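In: only geometry, no sequence info:
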């Protein structure tokens, strides 16, 4: 998976016009229930953030593409949970881990809207929280407001984190 990410970053460096569509697709896949385990979009966003300080890439289109992709992936996961409710428990990987749905329900009921924000920033929760929110019928508009606002924040934090890493690394390089 690491080689794939390196190749993708190299492709984006050479073809910057593709950066936003690639980020949108990766963020979308990383936010989809069941698929998210296979797609490491957060690492690509951090890596692209390191390219911002060098002026190789613009913040705004990548930020919006990452946020829109993540929000759409979560919306689809919410819809899937809302539509298929109890049948979701019989699908892999939930069928092998029957304790996950009750734990997810407790998490969503306890945290509500802040839980959508919390879930956005923690890998295994990223795609499962929207699915559980749909299964247990979190109010649609409450979910969507949390979904889109947390996606904007998530995308910005990852890009800025990469930018900060680039600045700190550059500073350390000059110091030593």
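Out: Everything's here; your move. Computed from a prediction, not measured in an experiment: that's the story for all the values here.

In: Could you use CA atoms for every contact and neighbour count after this?
Out: OK.

In: Strands of the protein, residue ranges please.
Out: Using DSSP state E, no strands are found in the chain.

In: tell me the helices in it, going along the chain?
Out: For the chain, the helices defined by DSSP state H cover 2-14, 19-30, 41-52, 59-84, 100-111, 113-120, 123-135, 140-175.

In: most tightly surrounded among those helices?
Out: Looking across those with neighbours counted as mean count of other CA atoms under 10 Å, the highest average goes to helix 123-135: a mean of 25.

In: Averaged pLDDT, that one. What do you get?
Out: For helix 123-135, mean pLDDT rounds to 85.

In: With stretch 18-34 instead?
Out: 90.

In: and residue 34, what is it in contact with?
Out: Counting by CA atoms under 8 Å, 6 or more residues apart in numbering, residue 34 touches 92-93, 127.

In: With respect to residue 36, which of these is nearest?
Out: When the contacts of residue 34 are ranked by distance to residue 36 (CA to CA), residue 127 comes first, at 6.4 Å.

In: Next up, the contacts around the closest one.
Out: So residue 127 contacts 30-34, 36, 74, 77, 119-120 (CA under 8 Å, 6+ apart).

In: give me that answer again for 7 Å
Out: Residues near residue 127 by CA atoms under 7 Å, 6 or more residues apart in numbering: 31-33, 36, 74, 77.

In: lowest average confidence, helix or strand, in the protein?
Out: helix 2-14 (a mean of 79; mean pLDDT, DSSP states H and E).

In: Would you enumerate the residues in contact with the nearest residue to residue 151 once chain neighbours are set aside?
Out: If the residues on either side of it in the chain are set aside, residue 151 comes closest to residue 67, at 4.6 Å by CA to CA, 6 or more residues apart in numbering. Neighbour list for residue 67: 151-152, 155 [criterion: CA under 7 Å, 6+ apart].

In: Check residue 66 too.
Out: 23-24, 27, 155.

In: Could you do residue 155 as well?
Out: So residue 155 contacts 63, 66-67 (CA under 7 Å, 6+ apart).

In: One more pass at 10 Å, please.
Out: 23, 27, 42, 45-46, 49, 62-70, 120-121, 161 (CA atoms under 10 Å, 6 or more residues apart in numbering).

In: ok, now residue 56?
Out: Neighbours of residue 56 in contact, by CA under 10 Å, 6+ apart: 12-14, 16, 48-50.

In: what's the answer for residue 45, then?
Out: Contacts of residue 45 by CA under 10 Å, 6+ apart are 9, 23, 26-27, 51, 62-63, 66, 155-162.
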